[in-house]
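Visitor: I would like the atomic coordinates for the input below:
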Amino acid sequence: MIPISPNNSNDMNMPKKLSLARFFCCCCFICAAMVIPLVAVIASAYAELTPLENTDLEEVWASAGIMFTPKNIQIFHHIDSIRYSAPLDAGYIEFQDFEMGGDGDVAKFNYDFGSVTKSGIMTFDVAEIEVAPPVYDWSGYAFGTSDTIHRGMTLLNVPDWDQELSYSIGNISLFDPNYPTAGTAAPVDLGSFYIGLIDMPRFYYYTSVPINGTGFDFQYNFQMTIDKIAYGYNDNCDKLEIGPTYIGGSFKNDSGGDDYVDASGNTVTDNPADPSSWKPNNNSTDFGEFQIGDLFGDIVAGTYSNPASINAGESACLDIDPTDGVDVLGALQLTLPMEGSIRFENASFYGTDFGPGAIDGIQVHRLNLFLIP
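Guide: Residues are numbered from 1 along each chain as shown. Prediction:
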C-alpha cells in the first residue's frame with residue numbers, strides 16, 4: 001500500500017494488508033491446480049484417467065495465461081438499505097431499496113453466448129513488460145531508452161463483452177443530528193436514482209505493484225454507453241435525466257480532425273451539437289476507449305507512464321482538525337489520471353430539454369483524492 005501523503009512521502013506507519021508476491025504465488029498455485037485436472041480430462045476423452053508423473057507434466061506446455069468464459073448469467077440483487085455512519089456525530093447517509101437488475105429485474109451477462117455472439121472470452125495473464133518510466137516529477141526531463149524499466153503486472157483482456165445491467169436506489173436518506181427539521185433532527189429524503197442500461201462492449205484491466213511504496217497501480221480501458229441517468233428529487237417525480245451517454249476515446253478521426261469515415265465508408269463531419277453525426281449513431285462507428293491510468297507510456301514517443309493507484313492507510317499528514325485530539329486519520333487515497341471523451345445526447349431538467357453536451361479530449365494528468373471517514 002502506498003504511504004498516504006499529499007507528497008507521496010514515506011511518513012505513514014501502516015501494516016501491509018496485501019502482498020503481490022503472495023498473490024502471484026496464489027495465482028501460480030491456482031493455475032497449476034487448474035492445469036492438472038484439465039490434462040486428465042483431455043486424456044479421458046481417449047482412455048481412462050491416468051495420474052501424471054512429473055516427467056509427463058514437463059512435456060505439457062501451451063501459450064501463457066489462462067482463458068475462461070462466463071456465459072448465460074442472470075443476477076437479481078436487492079438490498080433493503082446500505083448505510084454509511086459518521087464515526088463522530090452519528091450522522092449517516094443511507095441508500096434504501098438498492099437494486100441491481102437489467103432491462104427489467106434481472107441483470108444478464110453474455111446471455112446469448114453461442115447463439116448470437118461469442119462474447120465473454122476473458123484472458124488472464126501475468127507478465128513482465130518493458131515500459132516507460134513513471135512520472136516522479138513534472139520537470140519536463142526527457143527520458144532515454146536506458147531509462148526504461150520492466151514491470152511485473154497482471155493483464156485481464158476482455159475484447160468482446162455483452163451485458164444488460166442497471167442500478168436503482170429507491171430513496172437516498174441523509175441524517176444530520178445537528179440539523180433540526182420542525183424542531184427536531186430527522187432524516188431528509190434526497191430523492192431516488194437510476195442508471196441503466198449500461199452497455200460495455202469491451203474492457204481491459206492491468207495491475208502492478210508500485211515502483212516505490214505499497215498498494216497497487218493499475219490501468220483500466222473501457223468503452224461504455226448508458227441509456228439513461230436519472231435523479232428524482234421530490235414527491236412530484238420531478239427529475240433530472242441525462243442520456244444516452246457515451247464514454248470512450250474520441251469522436252473525431254485518428255488525427256483529431258472533425259471528419260471521419262463511418263462503417264459504410266462515408267465521410268462524416270462530426271458536430272458536437274448534432275448527435276446524429278456522432279460515431280455511435282452513424283453506422284455504429286467505434287469511438288474508442290476511455291482510459292484511467294497509464295502503466296505503459298510510450299517509449300518511442302518519450303511519454304512517461306502515469307499509472308492510477310489505490311492505497312489505504314493512516315497518516316498524520318491528513319489531520320484536518322488539529323484541535324479534535326485525533327492526530328492520525330485513516331484514509332483511502334485514489335490517484336486517477338485519465339483521458340478520453342464523454343458526450344450525452346440530451347439533458348432534461350424539470351421538463352426542459354437543454355440539448356446535447358460534449359466533453360472532448362479530456363487529459364487529467366494529476367488527480368489525487370483522499371477519502372477520510
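
Visitor: got the contact list for D227?
Guide: 196-199, 243-244 (C-beta atoms under 8 Å, 6 or more residues apart in numbering). No exception for glycine: its C-beta is placed from N, CA and C like everyone else's.

Visitor: try K108
Guide: Contacts for K108 were tallied using C-beta under 8 Å, 6+ apart; they are 73-74, 102, 163-165.

Visitor: Which of the contacts of D227 ranks first by neighbour count?
Guide: G196 (21 neighbours; other C-beta atoms under 10 Å).

Visitor: as a whole number, average confidence for the helix or strand harbouring that residue?
Guide: Element membership of G196 [criterion: DSSP states H and E] is strand 192-208. The average pLDDT within strand 192-208 is 95.

Visitor: what do you get for stretch 156-167?
Guide: Per-residue scores along stretch 156-167 average to 93.

Visitor: how long is that stretch end to end?
Guide: One end of stretch 156-167 sits 25 Å from the other (C-alpha to C-alpha, to the nearest Å).

Visitor: So, low pLDDT: which residues of the chain?
Guide: Counting by pLDDT under 70, the chain shows low-confidence ranges at 1-64, 88, 113-118, 137-138, 140, 181-183, 235-237, 315-329, 373.

Visitor: quick one, helices of it?
Guide: For the chain, applying DSSP state H gives helices covering 20-44, 54-58.

Visitor: Show me what stretch 91-102 is in contact with.
Guide: For stretch 91-102, contacts defined as C-beta under 8 Å, 6+ apart pick out 75-86, 105, 107-108, 163-178, 187, 196-197.

Visitor: Looking at the residues you listed, which are in strands?
Guide: Mapping the contacts of stretch 91-102 onto strands (DSSP state E) picks out 75, 77-85, 107-108, 163-164, 166-175, 196-197.

Visitor: are any of those buried, and which?
Guide: 107-108, 163-164, 166, 168-173, 175, 196-197 (16 or more other C-beta atoms under 10 Å).

Visitor: What's opposite the residue most central in space within the chain in the beta bridge?
Guide: Note on the chain: the residue nearest the mean C-alpha position is Y220, at 5.8 Å, using C-alpha atoms, centre = their mean. Beta bridges link Y220 to Y205, I292, judged by DSSP bridges.

Visitor: quick revisit: can you redo the contacts of K108 as CSV with distance to G213?
Guide: Shown next, in CSV, are these (distance: C-beta to C-beta, whole Å):
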residue, distance to G213
I73, 37
Q74, 41
G102, 40
Q163, 35
E164, 40
L165, 34
